[in-house]
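Enquirer: Give me a 3D structure for the following:
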Amino acid sequence: TNSVIATRMGMSLSDYTVTEAGFGFDLGAEKFLDIKCQSAGLAPKVVVITTTIRALKYHGGAALTTLTIPNVEALKNGLPNLEKHLENAKLYNITPVIAINKFYSDSDEEIQVIFDLAHKLNIKVALSDGWAKGGEGALDLATKVIEAIEENKSEFKPLYQWDQDVMTKIDTIAKKIYGAEKVEYSPKARKDLKTILDLELDNLPICIAKTQKSLSDDPLLLGRPSGFTLNVREIQIAAGAGFLIPITGEMMRM
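Expert: Numbers count the residues shown, from 1 in each chain. Coordinates of the predicted model:
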């Protein structure tokens, strides 16, 4: 996510300001909306959910080595993952638009599956072919985004308030965004919670470290997992940046 200064500068110089908020609505977008937008008083009008047919086939059970082979059945099986990201956007009262990032191996039949889903959900969708055609390949997407902005009458609302207690904020993200059934804390994490309270830093927002390969904290749980437990092993304090970092599972951190 770019800086607040950069976003405000863009908003002062143009009619539309577009910013990239990281991969996955469960990761980049949630943090962008609950941390950056709350802190800066920003209210996005539209969120573009970028998807690929390859990724959805992977979430539908297709092997990595077969993703360039047309497989409508695997694609359909992976659609619940996309649906969850779209539902998450609506939790913030933001209109989602689907961008299909086109690959040369995508078949017309596979592309139509996502268009059919978008039609069923009454969500705008566009095929983005910017890699092959440059700006011309993204014109339809730009048009759909502008239409969504002009039609949008809802007001952005964050998922949680910063002054809620730490466990409530983590619980809200885990259950509403990830789809977890419950959250469990290791002895180390519970000790960290006490430290946070003692330092009176419990009013900071939450920046959860989690795998990008799954909505859960287990990279092997593909699609739209449910009934799982989010395991918090420790909570780090980023006092300078101004947020708390619950660390879940094992992953490479940037």
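
Enquirer: going forward, measure contacts between C-alpha atoms and count neighbours the same way
Expert: Noted.

Enquirer: what packs against whichever strand or helix holds Glu147?
Expert: Using DSSP states H and E, Glu147 sits within helix 139-151. In terms of contacts (3 or more CA pairs under 8 Å, 6 or more residues apart in numbering; DSSP states H and E), helix 139-151 is packed against strand 46-51, strand 95-101, strand 125-128.

Enquirer: how about that helix: buried residues?
Expert: Leu139, Asp140, Leu141, Lys144, Val145, Ala148, Ile149 (16 or more other CA atoms under 10 Å).

Enquirer: Next SSE downstream of that helix?
Expert: helix 166-172.

Enquirer: Direction included, what does the helix or strand that that following helix is followed by pair up with?
Expert: Under the assignment DSSP H and E, the closest C-terminal helix or strand after helix 166-172 is strand 182-185. Next to strand 182-185 in the sheet, as set by DSSP bridges, lie strand 229-238 (parallel).

Enquirer: what comes into contact with the partner strand?
Expert: By CA atoms under 8 Å, 6 or more residues apart in numbering, the residues outside strand 229-238 that reach it are 174, 180-190, 192-193, 196, 216-217, 243-249.

Enquirer: C-terminal to it, what's the next element?
Expert: Next along the chain after strand 229-238, with elements defined by DSSP H and E, is strand 243-248.

Enquirer: What mean pLDDT does that following strand get?
Expert: Mean pLDDT, strand 243-248: 97.

Enquirer: Please put the alpha-carbon coordinates of it into CSV.
Expert: Extracted C-alpha coordinates of strand 243-248, given in CSV (Å, rounded to 0.1, in the frame of the first residue of the first chain):
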residue,chain,number,x,y,z
PHE,A,243,-0.4,-1.3,14.8
LEU,A,244,-0.3,-4.7,16.4
ILE,A,245,0.9,-7.8,14.4
PRO,A,246,-0.7,-11.1,15.4
ILE,A,247,1.4,-13.8,13.7
THR,A,248,-0.5,-16.9,12.6
